[in-house]
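Asks: Dropping a prediction and its sequence here:
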Amino acid sequence: MLRDLIDTALLEDFAGGLARSSELRACIYDGEGRLLAASPPSGRFAHPSGPAMDRLPHALELTPLPADEPPASVAFVENAGVWYVVAPVYMGDTPAGYVGLGEFREPAPSSVPVNPDTAVTTPETDEPRQAREALPVLQRRGDFPAVRTARWAARMLAHWCARELRAQSAAEETALVGDIAELLSGEQDLQTILDRIVAATARVMKCRFCTLRLYNPQTGELTIQAGHNLSQRYLAKGPVLRSESPIDDEALNGNVVYIEDVSRDPRFRYPEDARREGMVSVLTAGMLYRGNPVGVLRVYTGHRQRFRRVHRNLLRAVAAQAATAIVNARLLDERMRAAETERQLVLAGEVQARMVHTPPPPHPMLETAVVFEPTAHLAGDFCDFLTLADGRLAAVVGDVVGKGIPAALLMASVRGALRATAQRCRDLGEILTRLNGHVHAETSVAEFVTLLLIAVDSSGRRLHYCSAGHEPLLILRDGEVLPFSEGGLVLGIRPDEKYQHCALDLYPNDFVLLYTDGAVEAANFDDELFGRERLLDAVVQYGRMPPDQALRNILWDVRRFVGLADQADDITLVGLRVRGGD
């Protein structure tokens, strides 16, 4: 660990300085006893003894010493006939490395005096012997200067390691909060974000397990949505109620909740499962976004651990960032779904527009035109041209109650039923009577349809119409607008309603107009309605023009009256001109 936390050059400088100040040989080893740095040889014996030992014995026998500061034990290690004082560098309870100081000799044992006259001296061994005898004598005591110096050096290295670990931990914590904050601007799906949160939180918090539960405010349930290093059996646990989980409730109220041992805390719901997974201590923080609960983030250790304030604050910060990332992902998901819905609505609107703008069957005595102006992609208005069973050209305008998708679906249903009925029936009243039964059977009480159906014979001189609560049929003749409003109840109210058709004659140059209430109920910023009188004036003013031009001018008058006010209802206009005049 020393090699990972302290640069080798710094260790070499430290060893050199330690050797110079103590006038001893200094060596620094990693946690496995491998040599990392050593001072150069300086003593008389160091040169002939060679380099420092490159590895400590695998099993160091530590000798306890009376001490107020760590380390409270040292080892006395022999190498090549000399001894070293070795002090462990502790990180927690684990040696991260060792500091060795030497070289020392053992005290000379008591022996029989040697007669110098008979002693034999060998030049080859005399110098090393003299150098060895010049070494300081090893003393296995706590107050031995070399022991105190080795222990001091070990404490210094331990402090450096702790400081570097704190710096690395702070950097990782900052990076974790930053990584989760980065998720705010990403476009990843929610599950990917949740998986990243639990994995990163467990790594930086140095916890074995991590879970994330999301809160459903409608049901009050918390459900595991992501987990790190946990079995599928545990992750598959069902939701828990906030009201039945005091830990989660306290966390969602803004507190960080600590449990020292889950197997002994009655608040923890699954002690047996936790024991099987290997969980011991737990820290839980609520994920809150603008005061609203989003879920809970929980980390677990595999051993009993007291979480410091910095750990609690970190988990709280991570939970807050995670809550924001989750809400952001949900909003992004909603936007994507809304965009897809919008795309589908556009496509549906195009299909509806094609149905409305289907070219009418040709008629030798009539000119036809349609204006269809929906307020949104899908409209509740509809119009159609079709050929009845007896060959007459029919035109229909309808208005389904409501707007948007429900109204458009009902409109499509009514249009299909009308076309199917018209293939079998000749009488307009019978057609609407049957259509009324269909609408009543297919709709709710609050749903209904207004509809005006007309049919013109092949001569273009006879018109039949049948109305189901719709706006009056208008005919411009000789500069005067004639309204025809006879009819029955709107479709879908009474299943037994009977409808009767009416007939009238047409004359050359007659202009026939069918329309929906969006034309007369269009309102400006003063909430003033365009009204039927303005519509009649527009028909008089433009009715002698070709049908297409006449309808577009009528629509322009409505738009000009409304101004920049929102269009509140669909507008549909169908115009027919009788040929044969000048």
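Replies: Structure received.

Asks: number of nearby residues for Gly429?
Replies: Gly429: 18 surrounding residues under other C-beta atoms under 10 Å. Any C-beta I mention is one placed from the backbone N, CA and C, and that applies to glycine too.

Asks: so what secondary structure elements neighbour the host helix or strand of it?
Replies: Gly429 belongs to helix 428-442 when assigned by DSSP states H and E. Under the contact criterion of 3 or more C-beta pairs under 8 Å, 6 or more residues apart in numbering; DSSP states H and E, helix 428-442 touches helix 404-422, strand 449-456, strand 462-468.

Asks: which parts of that helix are buried?
Replies: Of all the residues in helix 428-442, those buried under the rule 16 or more other C-beta atoms under 10 Å are 428-440.

Asks: so which of those comes closest to Leu138?
Replies: The nearest member of these to Leu138, counting by C-beta to C-beta, is Val439 at 108.7 Å.

Asks: excluding its backbone neighbours, what's nearest the closest one?
Replies: Among residues not flanking Val439 along the chain, Gly492 sits closest, at 3.9 Å (C-beta to C-beta, 6 or more residues apart in numbering).

Asks: in the chain, which helix or strand is least confident?
Replies: helix 46-49 (a mean of 52; mean pLDDT, DSSP states H and E).

Asks: Show me what the helix or strand following that helix is packed against.
Replies: For helix 46-49, the following helix or strand on the C-terminal side (DSSP H and E) is strand 62-64. Using 3+ C-beta pairs under 8 Å, 6+ apart as the contact test, the elements touching strand 62-64 are strand 73-79.

Asks: Got the domain ranges for this protein?
Replies: By the assignment in automatic domain parsing, the chain contains the domains 2-106+128-167, 183-332, 357-578.

Asks: quick one: which of the ones you listed is nearest Thr341?
Replies: That would be domain 357-578 among the domains of the chain, by C-beta to C-beta, at 9.2 Å.

Asks: How about the contacts made by Asp427?
Replies: Contact analysis of Asp427 by C-beta atoms under 8 Å, 6 or more residues apart in numbering lists His501.

Asks: Ok, Arg316 next?
Replies: Going by C-beta under 8 Å, 6+ apart, Arg316 touches 256, 285.

Asks: Can you classify it as helix, strand or coil?
Replies: helix (DSSP: H, G, I helix; E, B strand; the rest coil).

Asks: Quick check, pLDDT for it.
Replies: On the pLDDT scale, Arg316 is placed at 89.

Asks: swap in the one 4 residues further on?
Replies: pLDDT, Ala320: 88.

Asks: What distance do you get for it to Thr192?
Replies: Remark: distance between Ala320 and Thr192 (C-beta to C-beta, to the nearest Å) = 20 Å.

Asks: Next, format the domains of the chain as a markdown table and append distance to Gln344.
Replies: Below are these laid out as a markdown table (distance: least, C-beta to C-beta, whole Å):
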| stretch | distance to Gln344 |
| --- | --- |
| domain 2-106+128-167 | 54 |
| domain 183-332 | 19 |
| domain 357-578 | 9 |
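
Asks: Ok, which of those domains comes nearest Arg343?
Replies: Of all those, domain 357-578 comes closest under C-beta to C-beta, at 9.9 Å.

Asks: Quick one: mean pLDDT for that closest one?
Replies: The pLDDT scores in domain 357-578 average 90.

Asks: higher neighbour count, Ala320 and Thr192?
Replies: It is Ala320, of Ala320 and Thr192, that has more neighbours when counted by other C-beta under 10 Å, with 19 against 13.

Asks: Let me see the contact set for that one.
Replies: Ala320 touches 287-288, counting by C-beta under 8 Å, 6+ apart.

Asks: pLDDT score for Arg115?
Replies: In this structure residue 115 is Asn, not Arg. Looking at Asn115, its pLDDT stands at 54.

Asks: again, but for Thr301
Replies: Note for Thr301: predicted pLDDT of 94.

Asks: Cool, thanks, signing off.
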